[in-house]
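Asks: Give me coordinates for this.
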Amino acid sequence: MIKYIPLLFENPLLKDLPVNILSEFLTHCKIKSFKSNKIVSDMSMADDNFYYILNGAVRGYYKYKGSQVNTFYFIKDDIFANVEFMFLNSPGELHFETIAPSSIIIFSKEFLLKQAQKHPEIQFISFKYLAATIVSQEKRLRIMLRNDAKERYLKFIELYGKYSNYLPLKEIAIFLDIAPETLSRIRKEIANSV
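Replies: Below is the predicted model:
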C-alpha cells in the first residue's frame with residue numbers, strides 16, 4: 001500500500017499531509033478493482049466510505065421518473081463519497097457506477113473521524129472536500145447557464161475527454177441538458193471541422 005503515497009500526493013486535497021498520516025490511512029484501507037458498469041455504491045447501501053480513484057472513472061447519478069440523471073463524473077485522483085450519508089447520516093439518492101475499468105482505494109468514515117481527532121489537518125481536508133463538491137456543482141451550473149450547447153459539450157470534453165468514449169451519447173446529453181439529436185449534430189460539426 002505504501003507504494004501509493006506518491007500518487008496520493010498528486011491530489012490537491014492530500015498533497016500537504018505528512019507522509020506518516022498517509023501511511024496510516026493506507027494501512028487501514030482496501031483497494032478494489034472494478035470492471036466497467038459496476039456499482040461502487042448506491043443509496044440502498046448504508047455507505048460510510050470515502051473512495052479515491054487510482055485509475056478509471058466513475059459517474060454519480062440519481063434516478064428520476066425511470067431515468068438515470070448524471071450529476072457527477074469522477075476521474076483519476078478524485079475523491080468521492082455519498083455526501084448526504086457521510087455528513088447528514090441520511091441515505092441520499094446518489095448511485096456511483098464505474099464507466100471504465102477502475103482501481104479505487106476505499107477507507108471508512110469511522111477511521112477518518114478517528115484520524116480527525118488525532119490530526120486537525122484531517123478535519124480541514126474534510127472541509128475542503130465538502131467545499132470542492134459544492135464548487136464542482138456550482139461550476140457545472142455556471143457552464144449550463146452561460147454556454148450554448150456546443151460550448152457545454154466542448155467543456156465536457158475538456159474535463160472528461162478520454163472517458164467520454166465510455167459513455168452513451170444519451171448520458172452525455174442528459175448531463176449537459178442537450179437533446180441527443182442536438183449533441184449528435186454538434187459532434188458531427190466538430191468532427192467535420194478538424
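
Asks: Going by C-alpha atoms from here, please, whenever you check contacts or count neighbours.
Replies: OK.

Asks: In contact with the closest residue to G56 other than its chain neighbours, which residues?
Replies: Of all residues not flanking G56 in the chain, S102 sits nearest, at 4.0 Å (Cα to Cα, 6 or more residues apart in numbering). Contacts for S102 were tallied using Cα atoms under 8 Å, 6 or more residues apart in numbering; they are S33, F34, K35, S36, I53, L54, N55, G56, A57, V58.

Asks: what do you get for Y52?
Replies: D77, D78, I79, F80, I104, I105, I106.

Asks: Now do stretch 61-73: distance from first to last residue.
Replies: Start-to-end span of stretch 61-73 (Cα to Cα, to the nearest Å) is 9 Å.

Asks: Name the residues of that stretch that come out as buried.
Replies: Y61, Y62, V69, N70, T71, F72, Y73 (16 or more other Cα atoms under 10 Å).

Asks: which pair in the residues you listed spans the largest distance?
Replies: Spanning the widest gap among the buried residues of stretch 61-73 are Y62 and Y73, at 12.6 Å by Cα to Cα.

Asks: still on that earlier bit, most surrounded residue in the contacts of S102?
Replies: Neighbour tally across the contacts of S102 (other Cα atoms under 10 Å): the maximum, 29 neighbours, falls on V58.

Asks: That one in helix, strand or coil?
Replies: strand (DSSP: H, G, I helix; E, B strand; the rest coil).

Asks: what's the answer for the one 3 residues further on, then?
Replies: Assigned with three-state DSSP, Y61 falls in the strand class.

Asks: In contact with it, which residues are there?
Replies: Contacts here follow Cα under 8 Å, 6+ apart; on that basis Y61 touches Q68, V69, N70, T71, F72, L94, H95, F96.

Asks: just E10 next, same as before
Replies: With contact taken as Cα under 8 Å, 6+ apart, E10 is in contact with D77.

Asks: I'd assumed it was in a helix, is it?
Replies: No. Counting by three-state DSSP, E10 falls outside a helix, being coil.
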